[in-house]
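> dropping the sequence and predicted coords here.
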Amino acid sequence: MPTPPTPVSAEVPRGGRPPKAPKLTPAIAEARSAVRVVLGSWCDDLAGEGASADVLVGLSGGADSLALALATAFEAHQLGLRAGAVIVDHGLQEGSEAVAANAAAKAREFGLHPVLIRRVVVGAEGGPEAAARDARYAAFAEAVRETGARGVLLGHTLDDQAETVLLGLARGSGAASLSGMAPESVDAVGTRFARPFLGLRRADTEQCCADSHVEFWNDPHNDDPSYRRVRVRAKVLPKLEAEIGPGVAEALARTAEQLREDDEAFQQMIDEFIEEIVEPAEAGIAVSVGALEANPAALRQRIIRYVVRSEFGVSLSRSHTLAVASLVTDWHGQKALHLPGIRVVREGKWIVFSSADSESASE
């Protein structure tokens, strides 16, 4: 169970205490500039009365998040915002409590307030990396609700983005997954996240810490080759750079950006006409065969995945998506499809999706 929340105070004025200001260097300037863009866009939508912070920094004690905390403390003070920090102790390593306490002490030294430490229990669903991520983001969301903050800033860098794209390519993911991490996103419960450093390299954040005379923590998990992301970081990307030439990470990040634009355009198209091509069905929803048939394959498959995900919370694999599409493009009287969590059947001019649970209950 997560530890009980630490009471926070709403007495710190906007802008907080003046942070220590090291000599401005290119790395520090770049970090502050990236944060300034995000905070500037949030200034018109600050936390309401009673909130103890306008924005929180997700802090691990590593170089990326410490550089983010430094830049946020400075820029928030300049803009008259209240910036705090939330540190998530996953409890997966010996001494994690001390690491979290050290990160919290640095955050307070930077002038951030409130500074929250949340210890979480990491499950096993989806593998250790996914389970840790789920627990971490849940803790972030709880901290936002507790403080009334507008959202959480995260220290993901261009290197993280490149690794995400490569991992997606290895899985055979679609454009939505290959678009990587968005600069801003909102989770299922409405928590807002921003990633100001997606244009910065990891070396930039380390230099920012060095220029600020701040020691950062090296997570031992970042050197553990049992994690796929670590192998991509330590072996795959350097090998690609050595064989193909420099700039691979930047190219992968650009690819993610272009695919995100395409994905957003497709989603906007679907949002504009989806209500016109669906109708309620018993224990589910039906989609017009004619509408699916009239659209190109890329859009047809996206409509199918969108309907299933939004109606049943199920993410279809490509093979399952194509099986559903074949009820439209290769119709020869097939029987119903029984896919994970759903049943799909063609009934006249409609493709009818229903919950697998409702089918079991009727038997």
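Perfect, thanks for sending it.
> and stretch 142-156, end to end?
End-to-end distance for stretch 142-156: 20 Å, by C-alpha to C-alpha, to the nearest Å.
> so for it, what's the average pLDDT?
The predicted model assigns stretch 142-156 a mean pLDDT of 96.
> and what of stretch 351-360?
On average, stretch 351-360 scores 82.
> same check, this time on stretch 319-328
96.
> does the nearest residue to Val189 once chain neighbours are set aside count as helix, strand or coil?
The shortest distance from Val189 to any non-neighbouring residue, by C-beta to C-beta, 6 or more residues apart in numbering, is to Ala141 (5.5 Å). All C-beta spots, glycine's among them, are computed from the backbone N, C-alpha and C. The three-state label given to Ala141 by DSSP: H, G, I helix; E, B strand; the rest coil is helix.
> list the residues that contact Ala141.
Contact analysis of Ala141 by C-beta atoms under 8 Å, 6 or more residues apart in numbering lists 187, 189, 191.
> break down the chain into its helices, ranges please.
Listed in chain order, the helices of the chain (DSSP state H) span residues 26-42, 63-79, 96-110, 128-147, 158-171, 175-178, 202-211, 228-231, 237-244, 248-277, 289-294, 297-312, 318-329, 356-362.
> could you check how far the nearest residue to Phe110 once chain neighbours are set aside is from Leu59?
Leaving out its chain neighbours, the residue that sits closest to Phe110 by C-beta to C-beta, 6+ apart is Ala73, at 4.2 Å. Going from Ala73 to Leu59 by C-beta to C-beta, to the nearest Å gives 11 Å.
> related to what we said a few turns ago, dump the contacts of Ala141 to JSON lines, plus distance to Pro296 and pLDDT.
Shown next, in JSON lines, are the contacts of Ala141 (distance: C-beta to C-beta, whole Å; pLDDT from 0 to 100):
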{"residue": "Asp187", "distance to Pro296": "31", "pLDDT": "92"}
{"residue": "Val189", "distance to Pro296": "35", "pLDDT": "89"}
{"residue": "Thr191", "distance to Pro296": "35", "pLDDT": "95"}
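> most neighbours of all those, which one?
Thr191 (19 neighbours; other C-beta atoms under 10 Å).
> surely that residue and Val144 touch.
Yes: in this structure, Thr191 is within contact of Val144 by C-beta atoms under 8 Å, at 5.1 Å.
> tell me who's in contact with Arg305.
Arg305 neighbours (C-beta under 8 Å, 6+ apart): 315-316, 321.
> quick one on the thing from earlier: which one of the contacts of Ala141 is nearest Phe110?
Thr191 (22.9 Å; C-beta to C-beta).
> roughly how far apart are the closest one and Ala139?
Taken as C-beta to C-beta, the span from Thr191 to Ala139 is 11 Å.
> and what of Phe197?
Where Ala139 is concerned, Phe197 sits at a distance of 20 Å (C-beta to C-beta).
> of those two, give the one with the bigger neighbour count.
Neighbour totals were compared for Phe197 and Ala139, and Phe197 leads with 31 against 24 (other C-beta under 10 Å).
> give me the pLDDT value at the more buried one.
98.
> what of Glu261?
So Glu261 comes in at 92 (pLDDT).
> list the contacts of it.
Contacts of Glu261 (C-beta under 8 Å, 6+ apart): none.
> mind listing what's buried along stretch 179-197?
179-183, 191-197 (16 or more other C-beta atoms under 10 Å).
> over to stretch 80-93?
81-90.
> now the two most distant members of those residues.
Leu81 and His90 (28.3 Å).
> that older thread, closest one of the contacts of Ala141 to Asp160?
Closest to Asp160, out of all of these and judged by C-beta to C-beta, is Asp187, at 17.9 Å.
> surely the closest one meets Arg136?
No: using C-beta under 8 Å, Asp187 is not in contact with Arg136, being 11.6 Å away.
> quick one: closest of the helices of the chain to Asp219.
It is, among those and with distance given as C-beta to C-beta, helix 96-110, at 8.4 Å.
> ok, now which ones touch the residue nearest to Asn222 when sequence neighbours are not counted?
In space, and not counting its chain neighbours, Asn222 is closest to Val230: 6.3 Å by C-beta to C-beta, 6+ apart. Val230 is in contact with 221-224, counting by C-beta under 8 Å, 6+ apart.
> for Val230, give its distance to Thr157.
15 Å.
> Leu337: which of the contacts of Ala141 is nearest?
The closest of the contacts of Ala141, once distances to Leu337 are taken by C-beta to C-beta, is Asp187, at 30.7 Å.
> check contacts around the closest one.
Counted by C-beta under 8 Å, 6+ apart, Asp187 has contacts 137, 141, 193.
> before we move on, what about Asp262?
For Asp262, counting by C-beta under 8 Å, 6+ apart, the contacting residues are 175, 179.
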